[in-house]
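Novice: Fold the following, please.
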Amino acid sequence: MEVVVLALGGNAILKRGEEASFSNQYKNVKESAKSIASLISRRKIKLVITHGNGPQVGEELLRNEYAGASVSPLPLHILTAETQAFVGSMLESAIANELKRKRVKIGVGVILTHVLVDAKDAAFSRPSKPVGPFYSKDELDGKLKEGKFDYVEQGGSYRRVVASPKPLEIMEIDAIRRLLDDGRVVIAGGGGGIPVAKSKNIIEGVSAVIDKDLTSQVIADELGADKLIILTDAEYVYRDYYDKDSKIIKIKAGELSKSLDSFQSGSIKPKVEACIKFIENGGKEAYIGNLFKLDDILERKSGTLIVP
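Specialist: All right, here's what the predicted structure looks like:
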């Protein structure tokens with residue numbers, strides 16, 4: 001039976017410009033669940049679903065700030081754990097309900113997932129991942145007095161940036177594999193996973209955000225998956241995003257890797273990188289396409305296909 005890893009982009013949970021209310025997020029998740037349940041009902045596969053958590057972590061960081069006078073703030077890796085459970089719960093409920101509606105007797109389970117990173121990863125000395133709220137210059141000066149952190153300017157405002165180290169190992173991979181073998185759909189690796197590092201054989205959480213597409217690729221590698229599917233708000237990978245005639249329909253990983261640096265960092269580039277690595281490590285097919293065209297992607301009517 002084919003093993004498929006399906007990585008859901010942030011618009012599966014919250015569309016651009018939408019208020020981050022629970023009702024909005026659950027509405028979007030239920031819509032995404034229809035496509036996922038349709039895939040499960042029509043194809044005999046073992047399915048792992050990963051997802052982003054950017055807006056959710058941003059909201060939790062705001063709650064940390066607003067409630068700071070009353071309760072102690074939580075570290076970033078714990079906020080990732082919280083949002084894994086939050087988004088995972090919505091996905092599990094929505095997919096299970098859709099499967100029940102289709103009379104498909106397959107269980108769904110969420111695995112709280114820790115991901116090992118190297119404490120000496122160069123990313124820790126070059127933080128680059130924006131997180132949390134935007135600050136004015138005066139607000140930033142006030143926050144920097146409370147605690148030193150790195151930041152970037154974005155459109156006249158300022159945001160904190162944290163390290164984004166490479167994922168090395170999925171700590172719960174055996175549990176994921178057992179649930180798959182038991183016939184369940186598994187939701188894992190949310191938000192790139194809870195980042196942990198080893199120090200004298202002790203595992204400890206670290207302040208970082210791991211790219212969820214790269215974590216999806218590591219999960220796929222460790223499971224020996226056949227397919228990696230990365231869903232986003234773009235219909236194809238484009239050589240020039242502003243030129244829709246430059247779409248890539250099918251390409252070999254080796255050829256795509258030659259132009260990797262031409263793609264936008266923090267957006268499509270990690271998705272392309274994840275697909276290239278997956279194919280290089282023995283994967284059969286990798287896809288990048290639109291979240292709401294999953295059937296068309298697998299039927300080769302839409303999306304970019306990356307092959308060996």
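
Novice: residues of stretch 12-29 that come out buried?
Specialist: A12, I13, L14, Q25, Y26, N28, V29 (16 or more other Cβ atoms under 10 Å). (Glycine included, C-beta is placed from N, CA and C.)

Novice: Can you pick out the most distant pair from the residues you listed?
Specialist: A12 and Y26 (11.6 Å; Cβ to Cβ).

Novice: tell me the helices in the stretch 201-308 of the chain, going along the chain?
Specialist: Along the stretch 201-308 of the chain, the stretches classed as helices by DSSP state H, counting those that start in this stretch are 212-223, 253-257, 269-280, 294-298.

Novice: Worst mean pLDDT among the ones you listed?
Specialist: Among these, helix 294-298 has the lowest mean pLDDT, at a mean of 93.

Novice: got any ranges where this protein has weak pLDDT?
Specialist: Counting by pLDDT under 70, the chain shows no low-confidence range.

Novice: just the helices of the stretch 201-308 of the chain: most buried one?
Specialist: Of all those, helix 212-223 has the most neighbours on average by mean count of other Cβ atoms under 10 Å, namely a mean of 25.

Novice: Give me the helices and strands touching the longest helix seen in the chain, please.
Specialist: Counting by DSSP state H, the longest helix found in the chain is helix 76-101. Packing partners of helix 76-101 (3 or more Cβ pairs under 8 Å, 6 or more residues apart in numbering; DSSP states H and E): helix 22-42, strand 45-51, helix 54-66, strand 108-110, strand 185-187, strand 194-199.

Novice: now with 6 Å?
Specialist: Contacts defined by 3 or more Cβ pairs under 6 Å, 6 or more residues apart in numbering; DSSP states H and E place helix 76-101 against helix 22-42, helix 54-66, strand 108-110, strand 194-199.

Novice: Could I get those in a markdown table, plus columns for distance to D295?
Specialist: Listed next are the helices and strands packed on helix 76-101 as a markdown table, based on distance: least, Cβ to Cβ, whole Å:
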| stretch | distance to D295 |
| --- | --- |
| helix 22-42 | 7 |
| helix 54-66 | 26 |
| strand 108-110 | 20 |
| strand 194-199 | 32 |
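
Novice: nearest to E98, of these?
Specialist: Once the helices and strands packed on helix 76-101 are compared by Cβ to Cβ, helix 22-42 is nearest, at 3.5 Å.

Novice: Using CSV, write down the CA coordinates of the closest one.
Specialist: C-alpha atoms of helix 22-42 as CSV (Å, rounded to 0.1, in the frame of the first residue of the first chain):
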residue,chain,number,x,y,z
PHE,A,22,-12.0,29.7,15.9
SER,A,23,-15.1,29.7,13.7
ASN,A,24,-13.2,30.9,10.7
GLN,A,25,-10.4,28.4,11.2
TYR,A,26,-12.7,25.5,11.8
LYS,A,27,-14.8,26.4,8.7
ASN,A,28,-11.7,26.3,6.5
VAL,A,29,-10.5,23.0,8.1
LYS,A,30,-13.9,21.4,7.4
GLU,A,31,-13.6,22.5,3.8
SER,A,32,-10.1,21.0,3.5
ALA,A,33,-11.3,17.8,5.2
LYS,A,34,-13.7,17.2,2.3
SER,A,35,-10.9,16.8,-0.2
ILE,A,36,-8.8,14.7,2.2
ALA,A,37,-11.7,12.4,3.0
SER,A,38,-12.4,12.0,-0.7
LEU,A,39,-8.8,11.0,-1.3
ILE,A,40,-8.9,8.4,1.5
SER,A,41,-12.2,7.0,0.3
ARG,A,42,-11.0,6.5,-3.3
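
Novice: Good, wrapping up.
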